[in-house]
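**Q** let me see the structure of the following:
(one chain, ligands or ions: 1)
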Amino acid sequence: MTDDQRRILIAGGGPVGLLCAWLIGRHGLPVRLFDNNSTLQLDLRAATTHPATLDLLDDALVGDMARVGLVAPIFQFWDRPSQKLVAQFDHAVLKNDTRHPFVVQCEQFKTAKLVLDRLQLFPNVESLFDHEVIDVAQSADAVTVQVREPSGTVSQHSGAYLIGADGGRSTVRRRSGIKFEGFTWPERFIVLTTPFDFESERGYCYRSYFADPGAWCNCFKVSADGPPGLWRTVYPTDPAQSEDNILSDAGVQARMQSFFSSPQAYEIIHRNLYVTHQRVAEIFRKGRVLLAGDAAHVNNPIGGMGLNGGIQDAVNLSDKLVRIMRDGAPERVLDLYDLQRRTVAIEFVQEQSIANKKRLEARDPEVRKRNLDELRASAADPERARQFLLRTSMIASQRRAEALALAE
Ligand SMILES: Cc1cc2nc3c(=O)[nH]c(=O)nc-3n(C[C@H](O)[C@H](O)[C@H](O)COP(=O)(O)OP(=O)(O)OC[C@H]3O[C@@H](n4cnc5c(N)ncnc54)[C@H](O)[C@@H]3O)c2cc1C
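**A** Got it, this is the predicted structure:
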């Protein structure tokens, strides 16, 4: 076989595409990755990496992520109107379920950089930035992509398989005719980043969720450029409000003050607005085309599950592609990838992320009380806390995926 016949093509150099390139490339297989940006982006979205995901990654990579990020063993739920702490969960109760009974808060651009540094050591892995995948075609023997190069020239590249890791608006998914089923939330989510130290000033831990009728806030810490770090606060916005209004200084301050009233104005380092969806591709494998990460599934960020699911896809898919290309495993293992990862995307990530949002934003006083009582009771009972954390830390979904493989 020539390199063109063995090559794995990857569209998208976000954390998921880069991870696939590294995990496949380190076995000596030829890999060519395309990203439409000229360089890695300062993407301020994900930070939370859960125990189930950490368990799948190399110890050295996890060590580096913890070194440039923060280790967060606990998280809290607060009731915003009463300003009371409702429940605190400690991942320590998972000590027999995971090698990592904590979350690592590592900004996704740092994780992407750590992986890019590793894959650049392999001459068989080409990472081509400023290269946009614009079309896809496949035959029984090969898959081919059309790529717009920096000069504007369109070139053609062939390989054995193509991984579409090109994000929520995936060209690979669209050009392969794969539907992206689900819905879009009417409210956009705003992320406001501040150096205000919520731990020393207010007693919040590195991951704190605030329930408020019709609203909510996630407040979490990232290490940024090093101590003292920054705090990111995430809120829903009113669909009727204009983007200018939402992002204005007055709008931003009013939002911060409504949750965290303070005599002083907050210093805001970043303000970012996101449209948020709940969608899963109708299929993760179509012949020689495989979808992974946001190209395959998107969800709201409450609970921090989107990229975690994407990393879990990358590990699962890369392992299967290596088994096919290096060890001669049958192609049908790729159908198992679809079964495992699509099932958990639907049964766990979609369900859990929607439930997380509904729990925080509930308006009905009875429902609010029930939700908060439930959290309180779960946190107070170690076995209930463990069951709760098995889901939030994505260990339960990973076990479900493994059970599907055993049943095959
Ligand atoms: C506010 C917010 C907070 C979040 N927090 C968390 C969290 O704490 N934990 C978590 O797990 N998830 C979180 N997420 C979700 C997370 O950010 C995404 O799931 C993650 O970025 C997906 O990674 P990816 O590599 O699949 O896609 P992306 O990061 O979108 O990368 C796709 C790459 O493909 C490139 N590309 C696109 N089209 C093409 C093309 N045609 N040709 C070549 N390249 C192309 C893009 O430029 C990009 O570089 C959050 C999301 C938001 C909005």
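
**Q** only C-alpha atoms for contact and neighbour calcs from this point on.
**A** Noted.

**Q** got a list of what the residue nearest to residue 150 when sequence neighbours are not counted touches?
**A** Among residues not flanking residue 150 along the chain, residue 130 sits closest, at 5.6 Å (CA to CA, 6 or more residues apart in numbering). Applying CA atoms under 8 Å, 6 or more residues apart in numbering, we find residue 130 in contact with 34-39, 149-150.

**Q** what's the answer for residue 182, then?
**A** 277-280.

**Q** nearest to the ligand, of these?
**A** residue 277 (9.4 Å; CA to the nearest ligand atom).

**Q** tell me the spacing between that closest one and residue 76.
**A** 25 Å (CA to CA, to the nearest Å).

**Q** picking that back up, any idea how far residue 307 is from the residue nearest to residue 150?
**A** Taken as CA to CA, the span from residue 130 to residue 307 is 23 Å.

**Q** is the strand or helix carrying residue 216 in proximity to the ligand?
**A** Per DSSP states H and E, residue 216 falls inside strand 215-222. No. Counting by CA under 6 Å from any ligand atom, the ligand is not contacted by strand 215-222; separation bottoms out at 9.1 Å.

**Q** alpha carbons only: can I get the lowest-mean-pLDDT helix or strand in the chain in CSV?
**A** Ranked by mean pLDDT, DSSP states H and E, the weakest helix or strand in the chain is helix 3-6, scoring a mean of 90. The C-alpha coordinates for helix 3-6 follow below in CSV (Å, rounded to 0.1, in the frame of the first residue of the first chain):
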residue,chain,number,x,y,z
ASP,A,3,1.1,6.3,1.8
ASP,A,4,-1.9,7.8,-0.1
GLN,A,5,-3.8,4.6,0.3
ARG,A,6,-3.0,4.3,4.0
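
**Q** around the ligand, pick out the residues from this protein.
**A** So far as CA under 6 Å from any ligand atom goes, the chain lies against the ligand at 11-17, 34-37, 45-49, 131-134, 165-167, 170-171, 274, 293-294, 301, 304-308, 310.

**Q** how long is stretch 188-207 end to end?
**A** Across stretch 188-207, first to last residue, CA to CA, it's 21 Å.

**Q** and that stretch, what's buried?
**A** Within stretch 188-207, the residues that count as buried by 16 or more other CA atoms under 10 Å are 188-196, 198, 204-207.

**Q** please enumerate the strands of the stretch 201-350 of the chain.
**A** Using DSSP state E, counting those that start in this stretch, the strands of the stretch 201-350 of the chain run over residues 207-212, 215-222, 230-236, 270-274, 277-281, 285-286, 289-291, 297-298.

**Q** the stretch 1-150 of the chain too?
**A** Using DSSP E, counting those that start in this stretch, strands in the stretch 1-150 of the chain cover 8-11, 31-35, 48-49, 70-72, 74-79, 84-90, 103-105, 125-129, 132-138, 143-148.

**Q** for residue 382, find the nearest of these.
**A** Of all the strands of the stretch 1-150 of the chain, it is strand 84-90 that lies closest to residue 382, at 9.5 Å by CA to CA.

**Q** was I right about residue 371 contacting residue 359?
**A** Yes. In this structure, residue 371 is within contact of residue 359 by CA atoms under 8 Å, at 6.3 Å.

**Q** between the two, which is the more surrounded one?
**A** residue 359 (20 against 16; other CA atoms under 10 Å).

**Q** any figure for the gap between that one and residue 216?
**A** Applying CA to CA to residue 359 and residue 216 gives a distance of 9 Å.

**Q** over to residue 172?
**A** 35 Å.

**Q** which of the two has more residues huddled nearby?
**A** Between residue 172 and residue 216, counted using other CA under 10 Å, the more crowded position is residue 172 (28 against 24).

**Q** pLDDT score for the spatially closest residue to the more buried one that is not a sequence neighbour?
**A** In this structure, residue 172 finds its nearest non-sequential neighbour in residue 164, 5.4 Å apart by CA to CA, 6+ apart. For residue 164, the pLDDT comes out at 98.

**Q** contacting residues for residue 164?
**A** Contacts of residue 164 by CA under 8 Å, 6+ apart are 10-12, 17, 170-173, 289-292, 295.

**Q** so residue 281 bridges to which residues?
**A** Legend: beta-bridge partners of residue 281 under DSSP bridges are residue 180.

**Q** wait, it touches residue 176, no?
**A** No. Under the criterion of CA under 8 Å, residue 281 makes no contact with residue 176, lying 11.3 Å away.

**Q** so the two - more neighbours on which side?
**A** Shown here are residue 281 and residue 176; by other CA under 10 Å, residue 281 has more neighbours (22 against 18).

**Q** residues contacting the more buried one?
**A** Contacts of residue 281 (CA under 8 Å, 6+ apart): 178-181, 295-297.
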